[in-house]
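Colleague: Model the structure of this input:
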Amino acid sequence: MRKFLLAGIAVAMMATPAFAANYRFVIVPKAMNNPFFDFARDGCLKRAKELGNIECIYKGPVEHEPATQAQIIQDFVTQKVDGLAISVADVAAMTKSIEAATAAGIPVITFDADAPGSKRIAYIGTNNKEFGVALGKQLLKMRPDGGKYAMVSGGPGAKNLAERVDGVREALKGSKWAEVAGSPTFCNDDPALAVQQMTDMRTATPDLAAIVPIGGWPMFAPEGFKAFASRNKKDIDSGKFTLVVADTLKMQLELLRDGYANALVGQRPFEMGEKAMDTLLAIKKGEKVPEIVYTGLDLVTKDNVAQMLK
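Modeller: I've put the predicted structure just below:
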């Protein structure tokens, strides 16, 4: 797999031979520097190769920049690609982009992050409210005694993340857990910033009993996350401080295995990429597709992390 950095935009592409590719389908992530989306790319590429008549194009902003994402989509509309699968960074901006693509005759689906009020045909990904509930329930299971907690989120304009925040709050409503002021913080998918925000929250509230990042961002900077956890290791080991983190990338599983977190709740981005290709192809063939396709969740603790790493 090759990546090219052009004018601040990274591009990764794999295709069947030009004579065989009947359709050009594009996966547009929120940010190319987020390793979560690498798995959606890999699923897209694998499925395109299996189908044989599809070119999978993967392109998005290097960092979380909704305006850049909108421009990238407009460029693909101008190129008249055959279909778009978008992880929506900002609902308001992407609703306009989706409308423009649809008006140009290009079918659009969303994955990972939805824009349900737009003209997108389908959404493939996680039930984000249930995702948040699962994170909250896991914290409650591990620490029924409660305490003060905080969340770390990504971009403030992402509907999927707002739903996860609501889910965590719903799961903990009526329990002994209380969310601190200033939660959630917004790291804009920046791993280093996410780690810094966790550090700042722990400093501002020394008796903070848990942090729940609703995306894997702080763990995507594994050395920084490890340093943060190491400073708090005594409290983690004694059960005074708990880290329940979203996503289950390999680096995260290794950090969990090594005792730097308590639990992970993971999505299935590879499957999102695969199903995106299947769905766009079905649409091009004139077939009816489900409006919502949920790809499920995985709960990982120290008890099953070794199995997940196999």
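Colleague: Look up phi and psi at the nearest residue to Ala204 once chain neighbours are set aside.
Modeller: Excluding the flanking residues, the one nearest Ala204 by C-beta to C-beta, 6 or more residues apart in numbering is Gly182, at 7.7 Å. The C-beta positions use only the backbone N, C-alpha and C, and glycine is treated the same way. Per-residue torsions, Gly182: phi 90, psi 0 (degrees, to the nearest 10).
Colleague: quick one: contacts for Lys30?
Modeller: For Lys30, the contacting residues are 37, 60-61, 64, 69, 87-89, 112-113, 154-155, 158, 189, by C-beta atoms under 8 Å, 6 or more residues apart in numbering.
Colleague: surely the residue nearest to Ala204 meets Val152?
Modeller: No. The pair Gly182 / Val152 is not scored as a contact, 11.0 Å apart, by C-beta atoms under 8 Å.
Colleague: Mind checking which of these two has more residues around it?
Modeller: Taking other C-beta atoms under 10 Å, Gly182 and Val152 do not tie; Val152 has more neighbours (24 against 12).
Colleague: thought Pro191 was touching Glu223?
Modeller: No. With contact defined as C-beta under 8 Å, Pro191 does not count as touching Glu223 (10.2 Å).
Colleague: rewinding a little: among the contacts of Lys30, which one lies nearest to Gln197?
Modeller: Distance to Gln197, by C-beta to C-beta, is smallest for Gly154 among the contacts of Lys30, at 11.3 Å.
Colleague: picking that back up, any figure for the gap between the residue nearest to Ala204 and Glu50?
Modeller: 47 Å (C-beta to C-beta, to the nearest Å).
Colleague: Need the nearest residue in space to Phe76, chain neighbours excluded.
Modeller: Using C-beta to C-beta, 6+ apart and skipping the chain neighbours, the partner closest in space to Phe76 is Val26 (5.4 Å).
Colleague: got a list of what that neighbour touches?
Modeller: The contact partners of Val26, by C-beta under 8 Å, 6+ apart, come to Ile57, Tyr58, Lys59, Phe76, Val81, Gly83, Leu84, Ala85.
Colleague: Can you tell me which of these end up in strands?
Modeller: Filtering the contacts of Val26 for membership in strands, criterion DSSP state E, returns Ile57, Tyr58, Lys59, Gly83, Leu84, Ala85.
Colleague: Top of those by number of neighbours, please.
Modeller: Most surrounded of the ones in strands among the contacts of Val26: other C-beta under 10 Å gives Ala85, at 30 neighbours.
Colleague: For the nearest residue to it once chain neighbours are set aside, what is the enclosing helix or strand?
Modeller: Nearest non-adjacent residue to Ala85, counting by C-beta to C-beta, 6+ apart: Ala276, 4.0 Å away. Counting by DSSP states H and E, the element that carries Ala276 is helix 269-284.
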